[in-house]
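>>> sequence and predicted structure below; questions after.
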Amino acid sequence: MKFYDNKTILITGGTGSIGSRIAKYLQKNYKLKKIIIFSRDEQKHFEMQKNFHFKNVRYLIGDIRDYRRLVMALNGVDFVIHAAAQKHVEMSEYNPQECIKTNVNGTQNLIEACLTNNVKKCLLISTDKAVNPVNLYGASKLVAEKIILGGNALSGRNGTIFGIVRYGNVLGSKGSILPYFSILNKEKKKIPITHQDMTRFWISYDEAVKLINSSLINSRRGDIFIPILNSIKITQFVKIINPKAKIY
């Protein structure tokens, strides 16, 4: 596809579960000039380099909290996929200042760095928890969405196009309930359920990656892409793992 031909894309949080899969998908399917993996986790960079053997992939250690580093990283970049975030609900509640610094201030830094470098498009990966949020993580992602959309007013007609893709829980992602419940089940422990009627929306890795890709390609100024997803009660989810599992 000509959209990506000889273009450079930067993925914040590029060493994470979804970021690394996006990078692999883009490398496999398109002729990009360069893919830049931007992440603050040195060990994940090292592990990713061992598994990725592509000449046009670059690895930059950096934090979206660091505006100057972002400006340097975005020099010559055409597109940005913003996947970096502090996403663990309980950790965000216990460390609220750190959550705000990454999810809100970091996103604002990215917006300004994109405008400074005349980036063509920037797509925020958001979450369904940003809708009527009941915890700090969801609230921080709601604010991130608001300021991303506000970036379009700053960029003008010919500046950076800012958009959003918002979906549910990625099945099997790090920190999600599938690996957590699976470990508890293996250890024959009771599985904690917050509420019997609680439901979750689910999306697979492949579906998420293709959605992010199509959203970036098709995004116009201020677009929010929301897929239609299946939902399931957590109690039913537990029964799929083990019909005899005990909950509390």
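Noted; the coordinates are in hand. Computed from a predicted structure; not experimentally measured.
>>> burial measure for the closest residue to residue 239 other than its chain neighbours, as a count.
Closest residue in space to residue 239, ignoring its immediate chain neighbours: residue 245 at 7.2 Å, by CB to CB, 6 or more residues apart in numbering. For every residue, glycine as well, the C-beta is placed using N, CA and C. Residues contacting residue 245 under the criterion other CB atoms under 10 Å number 17.
>>> so where does residue 245 fall, helix or strand?
Counting by DSSP states H and E, no helix or strand carries residue 245.
>>> so where's the chain shaky on pLDDT?
Low-confidence regions of the chain, defined here as pLDDT under 70, cover residues 1, 172-176.
>>> and for the residue most central in space within the chain, nearest residue in space, chain neighbours not counted?
Nearest to the mean C-alpha position of the chain, counting by CA atoms, centre = their mean, stands residue 83 at 3.0 Å. Among residues not flanking residue 83 along the chain, residue 13 sits closest, at 3.9 Å (CB to CB, 6+ apart).
>>> surely residue 104 touches residue 142?
No: between residue 104 and residue 142 there is no contact under CB atoms under 8 Å: 9.7 Å.
>>> find the helix or strand that residue 148 is a member of.
helix 136-155.
>>> the helices in this structure, which residues?
17-29, 42-51, 67-73, 89-94, 96-100, 106-116, 136-155, 177-186, 205-218, 234-241 (DSSP state H).
>>> which residues sit in contact with residue 113?
Applying CB atoms under 8 Å, 6 or more residues apart in numbering to residue 113 gives the contacts 67, 70-71, 73-74, 119.
>>> tell me how many other residues crowd residue 170.
Counted with other CB under 10 Å, residue 170 comes out at 21.
>>> repeat that for residue 244.
Count around residue 244 with other CB under 10 Å applied: 6.
>>> so how far is residue 190 from it?
As judged by CB to CB, to the nearest Å, residue 244 and residue 190 stand 12 Å apart.
>>> stretch 104-117: how far from the chain's middle?
Its chain's C-alpha centre and that of stretch 104-117 lie 16 Å apart, by CA atoms, centre = their mean, to the nearest Å.
>>> actually stretch 61-70, not the one I wrote
17 Å.
>>> same check, this time on stretch 45-55
The answer for stretch 45-55 is 20 Å, by CA atoms, centre = their mean.
>>> can I get it as CSV, trimmed to CA atoms?
Output in CSV follows, covering the C-alpha atoms of stretch 45-55 (Å, rounded to 0.1, in the frame of the first residue of the first chain):
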residue,chain,number,x,y,z
HIS,A,45,14.4,-3.6,23.9
PHE,A,46,17.1,-6.2,24.3
GLU,A,47,14.7,-9.1,24.1
MET,A,48,12.9,-7.6,21.1
GLN,A,49,16.2,-7.1,19.2
LYS,A,50,17.0,-10.8,19.7
ASN,A,51,13.7,-11.8,18.1
PHE,A,52,13.4,-9.1,15.4
HIS,A,53,15.9,-9.5,12.6
PHE,A,54,14.8,-6.5,10.4
LYS,A,55,17.3,-4.0,9.1
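>>> that one: which residues count as buried?
Using 16 or more other CB atoms under 10 Å as the test for burial, stretch 45-55 gives 45, 48.
>>> ok, stretch 29-46 next?
Buried-residue list, stretch 29-46, by 16+ other CB under 10 Å: 30, 32, 34-40, 44-45.
>>> great, nothing more from me.
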